[in-house]
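> Let's see this in three dimensions:
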Amino acid sequence: MTTDTTDLDTPIDATPPGHGRDRHRGAIGNLLHSIAGNPKALTGAIILGVFVLVGIFAPLIAPYDPQVTGLGQGVGPSGDHLLGTTSYGQDIFSQLVYGTRQSLLIAFLVGGVATVVSALVGVAAAYVGNLPDHLLSLLTDIFLVLPSLPLLIVISSYIRQSGVMVMVLVIAVTSWAYGARQFRAQALSLRNREFLEAARVRGERTSYTIVFEILPTMSGLLVANFLGAAVYGVLAVAGLQFIGLGDISSISWGSMMHWAENNEALQAGTPLWDLAPGLCIALLGASFSLINYAFDEVSNPALRPPRRRRKVGPARGPRTPRRRLEGAETTG
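Numbering: from 1, shown residues only. Alright, predicted model coming up:
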């Protein structure tokens, strides 16, 4: 009796294709893989990367000082002035480039502050429970009921010309409540997990458990709240500066739209003074929203696109040349 050892000598890999690689890739690898495989997220990352580079190298990109006047009032686009000049003789392209810095700074600061407050309040309320949970939930409900836009306008009217950091804190205070509700709901589902029971048995402090045990399991929710708050921060600051609140003396996209509207740029023949910053605000907000797709796929496998499986046909034996078969049939 002869035993075919061909299959025994061949190593068998029982791991599904890509399973081991996905497990050892890590969070950063999964994120980069999701961005590269998602056209929408890749588009958002490219747009955001362009804005970041423009903000960093603004002095090298801008041909003029954004505050310099006397370059010609209301000059149209040309080789010297790519987007023309304002009614005050300032280069529009230079102002647009330098305005990127403040918009990105506000987006990242508002996103960070609002996310930290939302996460700490929501997770602490769910983990501690009892009276602190009721008090923090009541505080969250109050901020959810308050109309954020009128409240933001009223507060901004009293802190006009107070600087960027004050505006960031005001916007973060009016935008943290919705995220806190999400963090509380997520923390309630983790409250009785084994790793939290182990932390209680070890006698870990509540602050340590919240920061180092619970929050690391909510990376997708943290990033989603950060991106949402960043978009809200960009739109809120631009809107406030457009209506004359906030620091309209600074170089930003919102202040550009404010002065363009006051000088009737659309009717005066300088529409790019008003349209260019508005387009940049829309692109920056869209980039944050598109990047959120990649983080959703990392945190929620159900949202990942299905993988194409290769069709494996039935095993075939060695092929016999057609000429040999025809010769055998003729002989027969």
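
> Do I have it right that residue 47 meets residue 283?
Yes. Between residue 47 and residue 283 there is a contact at 5.7 Å, judged by Cβ atoms under 8 Å. (Glycine included, C-beta is placed from N, CA and C.)

> quick one: low-confidence parts of the chain?
Low-confidence segments of the chain (pLDDT under 70): 1-35, 160-162, 294, 296-332.

> And stretch 207-218, end to end?
16 Å (Cα to Cα, to the nearest Å).

> Buried residues in it, which are they?
By 16 or more other Cβ atoms under 10 Å, the buried positions in stretch 207-218 come out as 209, 210, 213, 214, 215, 218.

> and those residues as TSV, adding distance to residue 106 and secondary structure?
Output for the buried residues of stretch 207-218, formatted as TSV (distance: Cβ to Cβ, whole Å; DSSP: H, G, I helix; E, B strand; the rest coil):
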residue	distance to residue 106	secondary structure
209	33	helix
210	28	helix
213	32	helix
214	29	helix
215	24	helix
218	25	helix
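
> nearest to residue 124, of the residues you listed?
residue 210 (6.0 Å; Cβ to Cβ).

> Distance of that closest one relative to residue 121?
Distance, residue 210 to residue 121, by Cβ to Cβ, to the nearest Å: 11 Å.

> Count the neighbours of residue 149 for me.
11 (other Cβ atoms under 10 Å).

> packing partners for whatever helix or strand it lives in?
Using DSSP states H and E, residue 149 maps to helix 148-158. If you count contacts as 3 or more Cβ pairs under 8 Å, 6 or more residues apart in numbering; DSSP states H and E, helix 148-158 packs onto helix 164-173, helix 219-242.

> For it, buried residues please.
Within helix 148-158, the residues scored as buried using 16+ other Cβ under 10 Å are 148, 152, 155, 156.

> any idea which element the nearest residue to residue 208 once chain neighbours are set aside lies in?
Spatial nearest neighbour of residue 208, chain neighbours left out: residue 199 (7.8 Å); criterion: Cβ to Cβ, 6 or more residues apart in numbering. Using DSSP H and E, residue 199 maps to helix 194-202.

> Point out the other helices and strands that the following helix or strand past that helix packs with.
Sequence-wise, the next helix or strand downstream of helix 194-202 (DSSP H and E) is helix 206-208. Secondary-structure packing of helix 206-208 (3+ Cβ pairs under 8 Å, 6+ apart): helix 92-128.

> ok now the helix it packs on, how far from the chain's centre?
Remark: helix 92-128 is offset 11 Å from the chain centroid, using Cα atoms, centre = their mean, to the nearest Å.

> Repeat that for stretch 122-132.
Once both centres are worked out by Cα atoms, centre = their mean, stretch 122-132 turns out to sit 28 Å from its chain's centre.

> What of stretch 195-210?
With Cα atoms, centre = their mean, you get 31 Å for stretch 195-210.

> just stretch 70-82 next, same as before
Between the centre of stretch 70-82 and the centre of its chain there are 35 Å (Cα atoms, centre = their mean).

> which non-adjacent residue is nearest residue 163?
Per Cβ to Cβ, 6+ apart, closest to residue 163 is residue 247, 6.5 Å.

> For the helix holding residue 199, buried residues please.
196, 199.

> same deal with stretch 266-278?
Residues 270, 272, 273, 274, 276, 277, 278 are the ones in stretch 266-278 that count as buried (16+ other Cβ under 10 Å).

> if you look at the residues you listed, which of them are in strands?
Using DSSP state E, no member of these falls within strands.

> Among the residues you listed, which one lies nearest to residue 104?
Of the buried residues of stretch 266-278, the one sitting nearest to residue 104 (Cβ to Cβ) turns out to be residue 277, at 13.7 Å.

> how near is the closest one to residue 179?
If you go by Cβ to Cβ, the gap between residue 277 and residue 179 works out to 28 Å.

> for residue 250, same thing?
Distance, residue 250 to residue 179, using Cβ to Cβ: 28 Å.

> Of these two, give the one with the bigger neighbour count.
Neighbours were counted for residue 250 and for residue 179 using other Cβ under 10 Å; residue 179 has more, 25 against 16.

> wait, the more buried one sits on residue 119?
Yes. Using Cβ under 8 Å, residue 179 makes contact with residue 119 at a distance of 7.4 Å.
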